[in-house]
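Peer 1: Could you work out the structure for the sequence below:
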Amino acid sequence: MEKITMSKKSTLTIHDVFELFIRKCKIKKLTDLSISSYEKNMVHFYEFVGKNDLITTITFDTVDDYILWLCENTEANDITINFYLRSKCWDIM
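Peer 2: Numbering: from 1, shown residues only. So this is what the prediction gives:
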């Protein structure tokens, strides 16, 4: 099982990394509405993995399992699930 790796070893939690993602969004001058949407969507991921888990515990399998979990535990359609995936902090890792 291959892990998603960060450029540096980290003891950051998933929530810590999400906060860094939100910081990047603010630097990019994203709208408050966009940032609020990201924060609301993160609730599902926190429910799935827990916000205090270390970011280093996230693997590609975790992402796959999250997609399955969304399909089984929410009424989200494919477009919404893809939005949830895009709104995560993957791009800063």
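Peer 1: Helices of this structure, start to end?
Peer 2: Counting by DSSP state H, one finds helices in the chain at the ranges 14-27, 32-49, 60-73, 78-86.
Peer 1: just those: most buried one?
Peer 2: Stretch with highest mean neighbour count among those: helix 14-27 (a mean of 16; mean count of other Cβ atoms under 10 Å). Just so you know, the C-beta spots here come from the backbone N, C-alpha and C atoms, and that holds for glycine as well.
Peer 1: how many other residues sit next to the residue nearest to residue 15 when sequence neighbours are not counted?
Peer 2: Spatial nearest neighbour of residue 15, chain neighbours left out: residue 51 (4.0 Å); criterion: Cβ to Cβ, 6 or more residues apart in numbering. Residue 51 is flanked by 14 other residues according to other Cβ atoms under 10 Å.
Peer 1: just use 33 as the starting number from now, easier for me
Peer 2: New numbering, starting at 33: the last item is residue 83.
Peer 1: quick one: pLDDT of the closest residue in space to residue 82 that isn't next to it in sequence?
Peer 2: Among residues not flanking residue 82 along the chain, residue 46 sits closest, at 7.3 Å (Cβ to Cβ, 6+ apart). For residue 46, the model assigns a pLDDT of 91.
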